[in-house]
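*Asks:* Output the structure for:
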Amino acid sequence: LKEIVNSYLLKDILALDSIRNSQKIYDLLRLLALQVGQQVSLSELGNAVGMSKNTVERYFDLLEKCFVIQRVQGFSRNMRKEIVKMSKWYFLDNGIRNTIIANHNPLALRNDTGALWENYLVMERMKYQSIKRMLVHNYFWRTYDQQELDWVEDRGGKLYGFEFKWNENKVPKVPSAWLAS
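*Replies:* Next up, the predicted model:
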């Protein structure tokens with residue numbers, strides 16, 4: 001995995017777009033890897049690595065086209081109550097993500113198990129949709145008062161919501177705002 005990250009990510013992809021500073025894009029990916037399953041502010045990431053928001057967007061677009069990361073946008077039926085400005089980003093391969101943050105510890109020793117699980121399930125849903133040739137628009141959903149669904153599938157105008165929990169003792173509940181809208 002380390003060889004894939006070093007040769008594919010830091011050499012081939014960077015050469016595609018004539019990116020000169022591989023360390024900055026690597027730092028950007030490391031920060032993104034630590035925020036899997038969360039809403040990501042491109043401006044904050046840019047500030048943290050000394051890049052403009054536009055440069056971060058350009059790098060993420062390139063990484064998405066090269067099948068390293070995947071963007072999921074927010075879903076909204078009521079712009080006043082629901083958050084749609086920021087996106088969530090996922091890695092197509094958890095192994096690549098783990099290599100970027102240098103953490104291959106067993107799940108019992110990790111503090112990011114929930115994020116790994118969500119990333120895994122998101123990618124499995126996308127594979128399933130592809131295999132079944134489903135026409136689907138994928139989103140996440142969150143309100144300003146912290147009600148959320150990790151995954152929303154819009155299939156022909158019919159909505160399906162998913163909440164991904166690693167902890168079997170946490171029983172997911174359908175958010176009241178989701179039912180009400």
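*Asks:* pLDDT at residue 17, what is it?
*Replies:* In this model, residue 17 is scored at 62, pLDDT.
*Asks:* Which elements pack onto the longest strand seen in the chain?
*Replies:* Among the segments of the chain that qualify as a strand by DSSP state E, the longest is strand 148-155. Packed against strand 148-155 by the contact rule (3 or more C-beta pairs under 8 Å, 6 or more residues apart in numbering; DSSP states H and E) you find helix 113-131, strand 137-142, strand 158-162. (Each C-beta comes from the backbone N, C-alpha and C, glycine too.)
*Asks:* And it, what's buried?
*Replies:* 148-153 (16 or more other C-beta atoms under 10 Å).
*Asks:* residue ranges with poor pLDDT in this protein?
*Replies:* 7-21, 78-84 (pLDDT under 70).
*Asks:* the strands in it, which residues?
*Replies:* 39-40, 69-74, 87-91, 137-142, 148-155, 158-162.
*Asks:* among those, which is nearest residue 6?
*Replies:* Among the strands of the chain, the nearest to residue 6 by C-beta to C-beta is strand 87-91 (16.3 Å).
*Asks:* buried ones in the closest one?
*Replies:* 87-91.
*Asks:* which one of these is nearest residue 59?
*Replies:* Nearest member of the buried residues of strand 87-91 to residue 59, counting by C-beta to C-beta, is residue 89, at 11.6 Å.
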